[in-house]
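Enquirer: Mind looking at a prediction? Sequence and model below.
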Amino acid sequence: MTGKYDIEIYNKRVHYHLTVKRNITVIQGDSATGKTELLRMISDYENNGISSGITKICEKRCVVIENASWKERLATLQQCIIFIDEGAPFLRSKEFTRMVKGSDNYFVLVTRDSLEHLPYSIEEIYGMRQERDSQKYQNAKRKVEINEYMKNAVIKAAEGCGAVYGTESKIVMQGSAMGCLCDKEMVETAFKAAEEGGFEAVKEAVFGASEDAVNIMGKIQKNGGKCTYMMFGSNLKAPHHSSEFDFDEKTIGIMAECYCRTIEKLMCKNKEEKA
């Protein structure tokens, strides 16, 4: 099975949405973020259909495999998206690893632990967070876990190479940039401000680089604040980090207007909430 598949499952209380695009996706999250509830709803829908009061939207069949007869059931499934909870003992077995590698199914593994024996990509580690009355997956990588994973992987590789050739290795951290989630409320406010100003705007885009601003954003959110990241397009005379780099200064006017409109909206909302 190949390709990208959207999965949406919800009832009157909770709403989940995620996208899977590789054969193994890992979902991580703290306690009480809804991981168990997600699997329960998928299993309930699989057993009872729409009479369960649950709606599932996905072009592929979604199933939950538990401990009982997992090998026999997995052997009968094809072209499915299979969910497995971290409590399943077979999750770390060599036999399960072998069957996953030879399967044409997609697997969504709900676990807080690393699964080094399975060939999943760190690009497919997702985090769950709670949003008011609903649970929703955000396609944002878990910043702390991925940074630590990459750092430890590099250290192990360097030490391993050194041991093989009988040499010493030394790693010095020169810097790093964390990941960050924009607050939905701030995204919506900035987006509406830009649209009302007559500017073309998109809510989400692939940046493809690290950004020092996320360190400031992380500190703001840690202290209970909300923030978002805004990027303004401009014609460039040369690529970034080039001695000839320059941008069209007309963009500064657009940026200033968008910022002013966003701030005005936030101030009006704050005033309404206090009234």
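Expert: That came through, no problem.

Enquirer: Now do the strands in the chain.
Expert: 5-10, 15-20, 24-28, 55-57, 61-64, 80-85, 106-110, 125-131, 134-141 (DSSP state E).

Enquirer: Pick out the shakiest of those strands, pLDDT-wise.
Expert: Among the strands of the chain, strand 134-141 carries the lowest mean pLDDT, at a mean of 41.

Enquirer: residue boundaries of the helices in the stretch 51-200 of the chain?
Expert: For the stretch 51-200 of the chain, the helices defined by DSSP state H, counting those that start in this stretch cover 70-76, 94-101, 143-165, 184-196.

Enquirer: Out of those, which is the most enclosed?
Expert: helix 184-196 (a mean of 17; mean count of other Cβ atoms under 10 Å). C-betas here are computed from N, CA, C, even on glycine.

Enquirer: Just name whatever secondary elements that helix is in contact with.
Expert: On a contact count with 3 or more Cβ pairs under 8 Å, 6 or more residues apart in numbering; DSSP states H and E, helix 184-196 meets helix 250-274.

Enquirer: Distance from the helix it packs on to the middle of the chain?
Expert: 28 Å (Cα atoms, centre = their mean, to the nearest Å).

Enquirer: CSV for the helices of the stretch 51-200 of the chain, including distance to residue 56 and mean pLDDT?
Expert: CSV is the format used below for those (distance: least, Cβ to Cβ, whole Å; pLDDT from 0 to 100):
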stretch, distance to residue 56, mean pLDDT
helix 70-76, 19, 89
helix 94-101, 23, 86
helix 143-165, 28, 76
helix 184-196, 24, 91
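
Enquirer: contacting residues around stretch 93-109?
Expert: 1, 5, 18, 20, 22-27, 60, 70-71, 74-75, 77-84, 86, 90-91, 115, 117-120 (Cβ atoms under 8 Å, 6 or more residues apart in numbering).

Enquirer: CA atoms only for that stretch, dumped as PDB, please.
Expert: Taking Å, rounded to 0.1, in the frame of the first residue of the first chain, the C-alpha atoms of stretch 93-109 are listed here in PDB:
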ATOM      1  CA  SER A  93       8.700  -8.900  19.100                       C
ATOM      2  CA  LYS A  94      11.000  -9.900  16.200                       C
ATOM      3  CA  GLU A  95       8.000 -11.800  14.600                       C
ATOM      4  CA  PHE A  96       5.900  -8.600  14.500                       C
ATOM      5  CA  THR A  97       8.800  -6.700  13.000                       C
ATOM      6  CA  ARG A  98       9.200  -9.300  10.300                       C
ATOM      7  CA  MET A  99       5.500  -9.300   9.500                       C
ATOM      8  CA  VAL A 100       5.400  -5.500   9.300                       C
ATOM      9  CA  LYS A 101       8.200  -5.400   6.900                       C
ATOM     10  CA  GLY A 102       6.400  -7.800   4.600                       C
ATOM     11  CA  SER A 103       3.000  -6.300   4.900                       C
ATOM     12  CA  ASP A 104       1.000  -4.200   2.400                       C
ATOM     13  CA  ASN A 105      -0.900  -2.500   5.300                       C
ATOM     14  CA  TYR A 106      -0.200   0.800   7.100                       C
ATOM     15  CA  PHE A 107       0.500   0.700  10.800                       C
ATOM     16  CA  VAL A 108      -0.300   3.400  13.400                       C
ATOM     17  CA  LEU A 109       1.500   2.700  16.600                       C
END
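
Enquirer: Numbering from 16 from now on, please.
Expert: Sure, I'll start numbering at 16, so the last one becomes stretch 108-124.

Enquirer: Off-centre distance for it?
Expert: 22 Å.

Enquirer: How much space separates residue 167 from residue 107?
Expert: Plainly put, residue 167 is 19 Å away from residue 107 if you go by Cβ to Cβ, to the nearest Å.

Enquirer: do residue 212 as well
Expert: Relative to residue 107, and taking Cβ to Cβ, residue 212 is found at 54 Å.

Enquirer: Residue 279 too?
Expert: 54 Å.

Enquirer: Between those two, tell me which one has more neighbours.
Expert: More crowded of residue 279 and residue 107, by other Cβ atoms under 10 Å: residue 107, with 15 against 12.

Enquirer: rewinding a little: JSON lines please, covering the helices of the stretch 66-215 of the chain and showing distance to residue 260.
Expert: As requested, the helices of the stretch 66-215 of the chain are exported to JSON lines (distance: least, Cβ to Cβ, whole Å):
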{"stretch": "helix 85-91", "distance to residue 260": "54"}
{"stretch": "helix 109-116", "distance to residue 260": "46"}
{"stretch": "helix 158-180", "distance to residue 260": "28"}
{"stretch": "helix 199-211", "distance to residue 260": "25"}
